[in-house]
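Participant: sharing a sequence plus its predicted fold:
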Amino acid sequence: MENIKHIVDSLALETNLTLDEIPNIDLYMDQVIQLFENKFNDTKRNQEDKILTKTMINNYAKGKLIFPIQNKKYSKEHLILMSLIYQLKGALSINDIKVTLSGINKKMMNEGMDLDTFYSSHLQLTSQNVVEFMEDIEELTEDVKEQVTKANQEDAAYLERVLMISSLVHMSNLYRRMAEKLVDEIVIEKSVKNKI
């Protein structure tokens with residue numbers, strides 16, 4: 001798996017919509033779509049994939065994943081939430097995302113909150129996650145090679161790739177399951193509060 005470094009480099013792992021890239025003026029839907037398409041274009045698996053569509057945005061609004069818009073325009077806060085949704089939908093269901101972001105949306109509609117500071121924390125953590133991911137990939141690559149070498153198998157390159165895929169999927173599943181359990185705890189906490 002000599003090309004693993006090339007594959008990792010092609011993933012555009014550092015791609016995030018930063019606060020500096022989010023305009024302080026409200027945007028129409030087409031402008032929002034264009035901003036996301038331009039920013040996340042390199043993260044697409046296939047060139048024909050869409051990052052964000054009118055249907056997606058409308059579904060986020062109808063599903064209450066984002067707080068209501070004003071005058072068909074989306075604020076900086078809406079764009080921050082859509083960026084979070086974009087990241088979350090890779091692993092969580094739309095319902096889980098709604099649960100996860102419900103407290104933020106409620107605060108935005110009622111008393112408001114400093115979403116910039118929260119989002120800055122998110123960006124710092126994602127940046128650290130990328131560093132740790134790169135280190136983990138290097139270690140996993142070595143572990144996989146060692147396992148295949150021990151087994152002295154034919155088609156070593158192919159078997160390395162299959163082991164790498166299965167290990168990555170397994171790790172992904174572990175993280176997703178942990179995230180789902182944390183979402184479930186939000187649901188439990190809400191139901192307890194509603195009973196009081």
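Facilitator: That came in fine, so what should we check first?
Participant: quick check: the nearest residue in space to H122 that is not next to it in sequence vs D114, distance?
Facilitator: Leaving aside its sequence neighbours, H122 sits nearest to L84 (CB to CB, 6 or more residues apart in numbering; 6.9 Å). No exception for glycine: its C-beta is placed from N, CA and C like everyone else's. For L84, the distance to D114 equals 15 Å [CB to CB, to the nearest Å].
Participant: the more surrounded of these two?
Facilitator: L84 (21 against 9; other CB atoms under 10 Å).
Participant: surely that one is in contact with L123?
Facilitator: No - assessed by CB atoms under 8 Å, L84 is found out of contact with L123, at 10.6 Å.
Participant: what's the burial count for N24?
Facilitator: For N24, using other CB under 10 Å, the count is 7.
Participant: what helix or strand is the residue nearest the centre of the chain located in?
Facilitator: Most central in the chain under CA atoms, centre = their mean is Q87, positioned 1.7 Å from the mean C-alpha point. Assigned by DSSP states H and E, Q87 falls within helix 76-88.
Participant: buried ones in that helix?
Facilitator: Buried residues in helix 76-88, counted by 16 or more other CB atoms under 10 Å: 76-86, 88.
Participant: confirm that E160 sits in a strand.
Facilitator: No - remark: E160 does not belong to a strand; assigned using DSSP: H, G, I helix; E, B strand; the rest coil, it is helix.
Participant: give me the local confidence score for it.
Facilitator: Reading off the confidence values, E160 has pLDDT 92.
Participant: how close does it get to L13?
Facilitator: E160 is 22 Å from L13, by CB to CB.
Participant: what do you get for N41?
Facilitator: 14 Å.
Participant: ok, L115 next?
Facilitator: Distance from L115 to L13, by CB to CB: 24 Å.
Participant: more neighbours, the two?
Facilitator: L115 (19 against 16).
Participant: tell me the contacts of the more buried one?
Facilitator: 76-77, 80-81, 104, 108 (CB atoms under 8 Å, 6 or more residues apart in numbering).
Participant: and which of those residues is nearest to T141?
Facilitator: Lowest distance from T141 to the contacts of L115 (CB to CB) belongs to I80, with 34.9 Å.
Participant: relative to its centre, which residue of the protein is most distant?
Facilitator: N152 (38.2 Å).
Participant: quick revisit: quick check: the farthest pair among the contacts of L115?
Facilitator: It's K76 and I104 that sit farthest apart of the contacts of L115, by CB to CB, at 13.8 Å.
Participant: sorry, back to before: now find how far off-centre the helix holding Q87 is within its chain.
Facilitator: In terms of CA atoms, centre = their mean, to the nearest Å, the gap separating the centre of helix 76-88 from the centre of its chain is 10 Å.
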